[in-house]
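A.B. asks: Give the three-dimensional model of this entry:
(one chain, ligands or ions: 1)
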Amino acid sequence: MYSDKVIDHFNNPRNMGEISDADGIGKVGNKVCGDVMYIYIKVKDDRIADIKFKTMGCAAAIATSSIITELAKGKTLDEAMKITKKDVSDSLEGLPPIKQHCSNLAADGLHKAIEDYRGKR
Ligand code: FES
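C.D. replies: Got it, this is the predicted structure:
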């Protein structure tokens, strides 16, 4: 049901953890499945210098969190705002239809972290 890429990112999540002095934090959740995701970013010169995540959720939620950290790292904030849920799911070689909302969480979490950072300035 899951692609090899999803299984790889679930088994070996990249950039998992918390940034204690994060510049922006995005928290998102899904009421139906109960999953919760936090995305932490450090910003330098308008770019995502560091990014980590903490996710309490399903295998797809963990894999989408992991891949979005790879997609966003080093990007400018404007570029990162343009990362879509489709980019997330395409980068994981697709997600089962019932798991598409998990990729929404990751994209929304990243965008919220950027908005949080921008709101604080
Ligand atoms: Fe809800 Fe995956 S089942 S985020």
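A.B. asks: from the middle of its chain, how far away would stretch 60-72 be?
C.D. replies: On the basis of CA atoms, centre = their mean, to the nearest Å, stretch 60-72 is displaced by 5 Å from the centre of the chain it belongs to.
A.B. asks: Give me every residue in this structure lying close to the ligand.
C.D. replies: When proximity is defined as CB under 6 Å from any ligand atom, the chain approaches the ligand at Asn30, Cys33, Asp35, Gly57, Cys58, Ala60, Ala61, Lys99, His101, Cys102, Leu105. In short, each C-beta sits where N, CA and C put it, glycine included.
A.B. asks: pretty sure the fourth one contacts Tyr38?
C.D. replies: No: with contact defined as CB atoms under 8 Å, Gly57 does not reach Tyr38; the gap is 10.9 Å.
A.B. asks: quick check: mean pLDDT across the helix or strand harbouring Phe53?
C.D. replies: Assigned by DSSP states H and E, Phe53 belongs to strand 47-56. Averaged across strand 47-56, pLDDT comes to 98.
A.B. asks: Is there a quick PyMOL command that grabs whichever of the residues of the chain next to the ligand are buried?
C.D. replies: Only the buried entries of the residues of the chain next to the ligand go into this PyMOL selection, using 16 or more other CB atoms under 10 Å:
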select buried, resi 30+35+57+58+60+61+99+101+102+105
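A.B. asks: Can you flag which of the residues of the chain next to the ligand belong to helices?
C.D. replies: If you go by DSSP state H, the residues of the chain next to the ligand have Ala60, Ala61, His101, Cys102, Leu105 in helices.
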